[in-house]
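K.L.:
this one's sequence-less:
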Ligand SMILES: [Zn+2]
């Protein structure tokens, strides 16, 4: 998989969401956040997740939709369906609204400097093999494009919003995921603090 200069993964279906904005100027993208989502909870395959991220979920259609809608506009960069299908809502260089109130290594507002990937699923139901395959492939594309994302900078939503969020949950097999990522994608000497002048344009060009 490759990421084009506009921040879109070419292998993904593109569903552009209005729920995004610019990252602060000079932001180095150095965090990858793994989530799970299902709407209604535990039900898979419908259009509700798409509708939620695209701002067209009907709150009256299901009691849980009203709850989801009341939480305000949200989005993610990428969604991986149960069959491994990859959908992208926000270009990687822009800010998606997936993390909410969050903190990583003392830095708050993780949306500013992270990329979010949602797996269609729940905390307790095993994810599908096809989802791990797609997740590994798109992670490799992201690592190649954003080398400041090191192994310890791939985290779960629950890691950056403890007590508030539980996803991707106990069912997510971190060891399986990490083992599927080719090791050479992690062999980088890059350190974000040596690049204080980095810009989104440079990031998207892979510089
Ligand atoms: Zn989440």
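P.N.:
Noted; the coordinates are in hand. All figures in this text were calculated on a predicted structure; none of them were measured in a lab.

K.L.:
rest of the way, CA atoms for contacts and neighbours
P.N.:
Will do.

K.L.:
any idea how far residue 112 lies from the ion?
P.N.:
15 Å (Cα to the ion, to the nearest Å).

K.L.:
need the helix or strand of the chain with the lowest average pLDDT.
P.N.:
helix 200-205 (a mean of 37; mean pLDDT, DSSP states H and E).

K.L.:
tell me which residues touch the closest residue to the ion within the chain, please.
P.N.:
Proximity of the chain to the ion (Cα to the ion) peaks at residue 35, 4.2 Å away. Counting by Cα atoms under 8 Å, 6 or more residues apart in numbering, residue 35 touches 116-119, 156-157, 167-168.

K.L.:
what do you get if the cut-off is 7 Å, keeping everything else the same?
P.N.:
117-119, 156-157, 167-168 (Cα atoms under 7 Å, 6 or more residues apart in numbering).

K.L.:
cool, residue 138 as well?
P.N.:
residue 1 are the contacts of residue 138 under Cα under 7 Å, 6+ apart.

K.L.:
which element is it on?
P.N.:
Using DSSP states H and E, residue 138 sits in helix 129-145.

K.L.:
ok now that helix, how far from the chain's centre?
P.N.:
11 Å (Cα atoms, centre = their mean, to the nearest Å).

K.L.:
just the buried positions in it, please.
P.N.:
Across helix 129-145, burial judged by 16 or more other Cα atoms under 10 Å covers 131-132, 134-145.

K.L.:
what would those look like in JSON lines with pLDDT and distance to the ion?
P.N.:
What follows is the buried residues of helix 129-145, written out as JSON lines (pLDDT from 0 to 100; distance: Cα to the ion, whole Å):
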{"residue": "131", "pLDDT": "98", "distance to the ion": "16"}
{"residue": "132", "pLDDT": "98", "distance to the ion": "17"}
{"residue": "134", "pLDDT": "98", "distance to the ion": "18"}
{"residue": "135", "pLDDT": "98", "distance to the ion": "15"}
{"residue": "136", "pLDDT": "96", "distance to the ion": "18"}
{"residue": "137", "pLDDT": "96", "distance to the ion": "20"}
{"residue": "138", "pLDDT": "96", "distance to the ion": "18"}
{"residue": "139", "pLDDT": "96", "distance to the ion": "17"}
{"residue": "140", "pLDDT": "95", "distance to the ion": "21"}
{"residue": "141", "pLDDT": "95", "distance to the ion": "21"}
{"residue": "142", "pLDDT": "96", "distance to the ion": "19"}
{"residue": "143", "pLDDT": "94", "distance to the ion": "20"}
{"residue": "144", "pLDDT": "93", "distance to the ion": "24"}
{"residue": "145", "pLDDT": "94", "distance to the ion": "23"}
